[in-house]
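# What shape does this take:
(chains A, B, C and D)
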Protein chains: 2
Amino acid sequence: MMDERRKAILRVVVEEYIETAQPVGSTHVARAPHVAVSPATVRNDMVALEQDGYLHQPHTSAGRVPTDKGYRFFVDTLVQPGPLDETELQQVGSFFAKAHGALEEMLHDTSRLLSGLTDYASVVVGEPAEDAMVRSVQLVGLGARHALVVAVLSNGAVTKAHLELADEIGEGRLAAATAHLSRWLIGRVLSELPPVPPSGDSLVDAAGAAAVSALRSAAQRPDPEQVFVGGASRMAAAFDAVDSVRRVLGILEQQYVVVGLLRDVLDRGLSVAIGGEHGVESLLECSVVVAPYEVEGEVAGAIGVLGPTRMHYPKALAAVAMVSQRLGRRLSDDA
Amino acid sequence: MMDERRKAILRVVVEEYIETAQPVGSTHVARAPHVAVSPATVRNDMVALEQDGYLHQPHTSAGRVPTDKGYRFFVDTLVQPGPLDETELQQVGSFFAKAHGALEEMLHDTSRLLSGLTDYASVVVGEPAEDAMVRSVQLVGLGARHALVVAVLSNGAVTKAHLELADEIGEGRLAAATAHLSRWLIGRVLSELPPVPPSGDSLVDAAGAAAVSALRSAAQRPDPEQVFVGGASRMAAAFDAVDSVRRVLGILEQQYVVVGLLRDVLDRGLSVAIGGEHGVESLLECSVVVAPYEVEGEVAGAIGVLGPTRMHYPKALAAVAMVSQRLGRRLSDDA
DNA sequence: GTCCGGCACTCGATAGCATCGAGTGCCAGC
DNA sequence: GCTGGCACTCGATGCTATCGAGTGCCGGAC
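Modelled structure (predicted):
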């Protein structure tokens, strides 16, 4: 049912439609190299491809457009992550050569790099804080009953939480609490912070307990400072209805949806979700290409690009694969 | 030349156009209350208003549309920041009652509040870090030659910078450097950090110097973590050309442009920039309503909304004024 | 003088209509 | 099983007529 010729025809339709956004007719397909048959034959195969659900005809006497299933087949069996061209390779290379600075900055710039490469929106999600280890913890007073607990994590991230204390607490006691917390928390994984044993000073213990619970809850929510979205304006150009743009922007603004999308595929390696596959209604017209990146052999986060279903998959796949690999390597060097 | 009737006519045209986005004809204007003259008379005045540059006629035999000058006059002399309605007041009230957490979170949520109130994009910029005082400073090692300097500032913000050291440095020396830095830097304003005197240990001094210079340069750039943009998707709905949306999104993504826009008007109090007035070409079709907010009598940052030139000024002005005031009050309480 | 009713005019928007052409489905023949 | 031929479909394009909201102007009324 899906012989070589049909595959070739499907490929041409998808590639052509990605490029032109216009329904593709049999004559165009027949003209393509590697399809050495007449338009009439192409038409017959197209009917079959349509019956099998790979193509769709907007109306009688129009060309064919790929369905989600068609894109899926294209991505799964017809496309090998096309090589990036010279200038793009160079762009990635010089980016990682120049890149410096803290984790956040790095991830932020990576998101810009990705959208620059693909011309779609890009998302970069850092390591979930809960798996990181505490390197340092400190309590800092801000006015009489307010304090900030600041923890530096093993991945270079800094997490902080605001405390409201029941009783006033002086500088000395805060320092004592800091010392006490440091003794018990440093070296622990954020999601498994132990309860801190009593120190003999009730104020110190109250502050300590508040700090631990604040850190725990900070570990829960996906740290908003570790999610970076970029290139929304580039992506906008790929749609022609303002309403579509609005819907997609709305999703990109709800970071937890985006994070969920990426986290879902974290253990699947480089992967693609097309149209309805990711189950977010507002993104029916969109596809997402995602890959995790690994720091020292451990999955540390994910990067992805989000574009229209008719996105340029070879390029997107290549860019995401390349950047995730380089990013992981770069972050491993550092540590 | 600009008698009461013409003002009334201009007002009706602006208000009508804001609501419908359609050129406004003399008949509509004449029907409005407070304009008790015939369409013919309205037309005569409209010709005058057009000659004076307040109105524009897209083509002969079309209604009139306000020019930037027309909006300017409307904003300056015809509009008093219309009161917010009941439900909106409640929304603001309950927001500030519930609001909690660290500065960043607060500002982020404020941006969401603002775009929720106005249905336009909103921008919230925190205090420039350079004016804040250092409350605490700490060096944390990350691998052999890498360290993070983390400083907690008086406004509750945490600034951090990544250090790459020439020589390896152990935990003990880092602790010594932290102590040394703390002695000299705590209580100082970030933009006026003194050079740290020698401690007698060259490694400690090298780390200290690196930390100070990293903090200084971190103070320079507008901290990306203190700029919050929200509601871009809502704003998109106000335009009907995808290309306009794309341009505006592009600007919103370049945070330094947005920050510049807001900082420019910081000392002018509540103010409006219409169309070309802010000098950003891509925002010709946009207006910006901005207000600073004060924490304990000092200007601490600015908030604003960005929408189409035909934005609903009374509402936007009221929302920005209200929120900036409440935000300032709220942040003052805390400290 | 100021305002207004009346009137001819403009011009975008809408609708109807013919035409064009890319594309289809099908069939008969090689 | 492939192909050329052919009738058919139907959106896109372009033309024309019509409609109507809106204008500018003039001459008369208060």
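
# sec struct for the residue in the stretch 1-150 of chain A that DNA strand D sits nearest to, please.
Nearest to DNA strand D, among the residues of the stretch 1-150 of chain A, is A:S61, at 2.6 Å (Cβ to the nearest atom of the strand). The way it works is simple: take the backbone N, C-alpha and C, and place the C-beta from them, glycine included. At A:S61 the chain is in coil, as set by DSSP: H, G, I helix; E, B strand; the rest coil.

# ok, now A:Y293?
Assigned state for A:Y293: strand (three-state reduction, three-state DSSP).

# so what's it bridging to?
Assessed by DSSP bridges, A:Y293 has beta-bridge partners A:G301.

# Also A:E164?
A:H146.

# on that earlier part again, look up phi and psi at the residue of the stretch 1-150 of chain A closest to DNA strand D.
Per-residue torsions, A:S61: phi 70, psi 30 (degrees, to the nearest 10).

# tally of neighbours for it?
A:S61 has 7 neighbours, counted by other Cβ atoms under 10 Å in any protein chain shown.

# now do the one 10 residues further on
Here the count is done by other Cβ under 10 Å, and A:Y71 has 26 residues near it.

# OK, contacts around it?
The contact partners of A:Y71, taken as Cβ atoms under 8 Å, 6 or more residues apart in numbering or on different chains, are A:14, A:274-275, A:287, A:309-310, A:313.

# mind checking which helix or strand it is in?
Per DSSP states H and E, A:Y71 falls inside helix A:68-73.

# Past that helix, which element shows up next along the chain?
Following helix A:68-73 in sequence, per DSSP H and E, is helix A:86-98.

# ok, A:K98 - contacts?
By Cβ under 8 Å, 6+ apart, the contact list for A:K98 is empty.

# mind checking how far it is from A:H312?
Distance of A:K98 to A:H312, computed by Cβ to Cβ, to the nearest Å: 26 Å.

# do the same with A:S233
Taking Cβ to Cβ, one finds A:S233 at 18 Å from A:H312.

# ok, back up a step: can you tell me which one of the contacts of A:Y71 sits lowest on pLDDT?
The lowest pLDDT within those belongs to A:G275, with 91.

# ok, now how distant is the residue lying closest to it once chain neighbours are set aside from DNA strand C?
The shortest distance from A:G275 to any non-neighbouring residue, by Cβ to Cβ, 6 or more residues apart in numbering or on different chains, is to A:D68 (3.8 Å). Computed as Cβ to the nearest atom of the strand, to the nearest Å, the A:D68 to DNA strand C distance reads 19 Å.

# list the contacts for the closest residue to A:D109 other than its chain neighbours?
Among residues not flanking A:D109 along the chain, A:A99 sits closest, at 6.4 Å (Cβ to Cβ, 6+ apart). A:A99 sits next to A:106, A:109, A:330 when contact means Cβ under 8 Å, 6+ apart.

# So A:P314, which state does it fall into?
At A:P314 the chain is in helix, as set by three-state DSSP.

# wait, what's in contact with the nearest residue to it once chain neighbours are set aside?
What sits nearest to A:P314 in space, not counting adjacent residues and going by Cβ to Cβ, 6+ apart, is A:G82, at 3.3 Å. Listed by Cβ under 8 Å, 6+ apart, the contact partners of A:G82 are A:314-315, A:317-318.

# tell me what whichever strand or helix holds A:A8 is packed against?
For A:A8, the host element (DSSP H and E) is helix A:4-20. Taking 3 or more Cβ pairs under 8 Å, 6 or more residues apart in numbering or on different chains; DSSP states H and E as contact, the helices and strands that helix A:4-20 lies on are helix A:26-31, helix A:39-51, strand A:65-66, helix A:68-73.

# Where does the stretch 1-150 of chain A get nearest to DNA strand C, residue-wise?
Proximity of the stretch 1-150 of chain A to DNA strand C (Cβ to the nearest atom of the strand) peaks at A:G25, 2.5 Å away.

# Equivalent analysis for the stretch 151-300 of chain A, please.
Proximity of the stretch 151-300 of chain A to DNA strand C (Cβ to the nearest atom of the strand) peaks at A:V242, 17.4 Å away.

# what's around that residue, how many residues?
Using other Cβ under 10 Å, A:V242 has 19 neighbouring residues.

# how much space between the residue of the stretch 1-150 of chain A closest to DNA strand C and chain B?
Using Cβ to the nearest Cβ, to the nearest Å, we find A:G25 at a distance of 26 Å from chain B.

# Phi, psi for that residue please.
phi -100, psi 170.

# OK, contacts around it?
Here A:G25 is in contact with A:63-64 (criterion: Cβ under 8 Å, 6+ apart).

# Can you give me the separation between it and A:G63?
For A:G25 relative to A:G63 (Cβ to Cβ), the value is 4 Å.

# same deal with A:S244?
From A:S244 to A:G63 the distance is 22 Å (Cβ to Cβ).

# now the helices and strands packed on helix A:4-20 in a markdown table, with mean pLDDT?
Formatted as a markdown table, the helices and strands packed on helix A:4-20 follow (pLDDT from 0 to 100):
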| stretch | mean pLDDT |
| --- | --- |
| helix A:26-31 | 93 |
| helix A:39-51 | 95 |
| strand A:65-66 | 97 |
| helix A:68-73 | 97 |
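
# Give me the buried positions along stretch A:286-300.
Buried positions in stretch A:286-300, judged by neighbour count with 16 or more other Cβ atoms under 10 Å in any protein chain shown: A:286-295, A:299-300.

# Also stretch A:52-64?
A:52, A:54-56, A:63-64.

# Which residues does A:T159 form beta bridges with?
Note on A:T159: beta-bridge partners by DSSP bridges are A:A151.

# Counting neighbours, what do you get for it?
By the criterion of other Cβ under 10 Å, A:T159 has 22 neighbours.

# do A:I186 as well
14.

# if I look at it, how far off is DNA strand D?
As defined by Cβ to the nearest atom of the strand, A:I186 lies at a distance of 66 Å from DNA strand D.

# Perfect, that will be all.
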